[in-house]
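>>> using only what follows, build the 3D model:
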Amino acid sequence: MIVEVKLEIPKYDDEVGLQSSWIDGFIVRTDIIENQIQIQANKAGLISLAKQLLCLAQDTTPIGSHYHLDDYNSLEAGSNDLTISKI
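The predicted structure is shown next:
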């Protein structure tokens, strides 16, 4: 079975840089357990993370671009910081 999902992915802009695009009601938390990074999210959080990954994957997004997420910026309280970078 194939599920088709349409997402609007913000285009990278040299003047603005990367844009976050969180869906209402998103929940994302991170943890490190026994040297393993764990990301837990509800449906809105998973789709929001997917949109950010697709934004980084665009040809126009420069190498080195990144999202830095922490419990003050998008992650649930007590989460470990998470940086997602394009290499």
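>>> show me where the chain has its helices.
All helices of the chain, identified by DSSP state H, fall at 43-57.
>>> residue contacts, the residue most central in space within the chain?
In the chain, the residue lying closest to the centroid (CA atoms, centre = their mean) is residue 49, at 3.3 Å. Shown in contact with residue 49 (CB atoms under 8 Å, 6 or more residues apart in numbering): 28, 39, 41. Quick note: C-beta positions are derived from backbone N, CA and C, even for glycine.
>>> residue 36 too?
Residues in contact with residue 36 (CB under 8 Å, 6+ apart): none are found.
>>> how about the strands in the protein?
28-33, 36-41, 66-69, 82-85 (DSSP state E).
>>> identify all contacting residues around the third one.
Yep, that's strand 66-69 we're talking about. Against strand 66-69 from outside (CB under 8 Å, 6+ apart): 18, 20, 28, 30, 52, 56, 75, 79, 81-86.
>>> again with the first one
Residues outside strand 28-33 that contact it (CB under 8 Å, 6+ apart) are 37-41, 45, 48-49, 69, 74-76, 78-82.
>>> quick one: work out the angle between that strand and helix 43-57.
Relative orientation of strand 28-33 and helix 43-57, computed by axes from the mean of the first three to the mean of the last three CA atoms, to 10 degrees: 80 degrees.
>>> for residue 46, see how far away residue 10 is.
Separation of residue 10 from residue 46 (CB to CB, to the nearest Å): 18 Å.
>>> now swap in residue 1 and tell me
Counting by CB to CB, the gap from residue 1 to residue 46 is 18 Å.
>>> quick one: which of these two has more around it?
residue 46 (16 against 2; other CB atoms under 10 Å).
>>> how near is that one to residue 39?
9 Å.
>>> and what of residue 82?
According to CB to CB, residue 82 and residue 39 sit 7 Å apart.
>>> so residue 44 touches residue 23, yeah?
Yes. Judged on CB atoms under 8 Å, residue 44 makes contact with residue 23 at a distance of 4.2 Å.
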